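Peer 1: Task: produce atomic coordinates for the following.
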Amino acid sequence: MRKMMFAKVFIVLAGGFVTSAALASSPAAWKDYDQRLIKACIAASGLKEVKPVGGPIQYDDRVPVTALVLAGRYPQKHMNNRPGRELCVWDRKAEKAYVSEADQLLPK
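Peer 2: Sure, this is the predicted structure:
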């Protein structure tokens with residue numbers, strides 16, 4: 001009886017492990033995530049001709065954000081089409097992008 005109970009518990013636990021392993025993010029899921037992140041960051045940007053520089057920087061779940069550096073040109077007339085950089089921080093829980101000027105990341 002005890003062996004039968006142990007076997008049932010083992011099967012249930014093993015089944016849960018297999019299910020959770022199957023739910024791990026696939027390459028397609030990561031690609032979709034990156035596309036949503038990039039699209040949201042570009043939409044939040046104030047730069048024109050904006051594009052990502054490098055890839056997303058993932059933080060662990062204790063700080064549920066992803067960062068992305070953007071490069072483009074300032075659209076304001078007084079900025080004379082100068083190049084600029086922004087840092088986009090994507091809140092994974094809210095799925096919202098926040099952008100801040102980051103010209104200090106430009107080479108001098």
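Peer 1: give the contact list for the residue nearest to the spatial centre of the chain.
Peer 2: Of all residues in the chain, the one closest to the mean position by C-alpha atoms, centre = their mean is Thr66, 4.1 Å from it. Contacts here follow C-beta atoms under 8 Å, 6 or more residues apart in numbering; on that basis Thr66 touches 37, 56-59, 89-90, 92. For glycine as for every other residue, the C-beta is placed from the backbone atoms N, C-alpha and C.
Peer 1: By neighbour count, which of those residues wins?
Peer 2: Among the contacts of Thr66, Trp90 has the most neighbours (other C-beta atoms under 10 Å), with 25 neighbours.
Peer 1: Mind listing the residues bridging to it?
Peer 2: Note on Trp90: beta-bridge partners by DSSP bridges are Thr66, Ala97.
Peer 1: and after the lowest-mean-pLDDT helix or strand in the chain, which helix or strand comes next?
Peer 2: Lowest by mean pLDDT, DSSP states H and E among the helices and strands of the chain is helix 2-22, with a mean of 45. Following helix 2-22 in sequence order, the next helix or strand is helix 27-44 (DSSP states H and E).
Peer 1: Just name whatever secondary elements that following helix is in contact with.
Peer 2: When contacts are defined as 3 or more C-beta pairs under 8 Å, 6 or more residues apart in numbering; DSSP states H and E, helix 27-44 sits against strand 48-58, strand 65-73, strand 83-91, strand 96-101.
Peer 1: wait, isn't Leu37 in contact with Trp90?
Peer 2: Yes. Shown here, Leu37 and Trp90 form a contact pair, counting by C-beta atoms under 8 Å, at 5.0 Å.
Peer 1: that older thread, Throw the helices and strands packed on helix 27-44 into CSV and include mean pLDDT and distance to Ser26, thanks.
Peer 2: Below are those laid out as CSV (pLDDT from 0 to 100; distance: least, C-beta to C-beta, whole Å):
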stretch, mean pLDDT, distance to Ser26
strand 48-58, 96, 16
strand 65-73, 97, 18
strand 83-91, 97, 20
strand 96-101, 98, 24
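Peer 1: returning to that earlier point: any common contacting residues for Leu37 and Trp90?
Peer 2: When contacts are counted by C-beta under 8 Å, 6+ apart, Leu37 and Trp90 have 56, 66, 68, 97 as shared neighbours.
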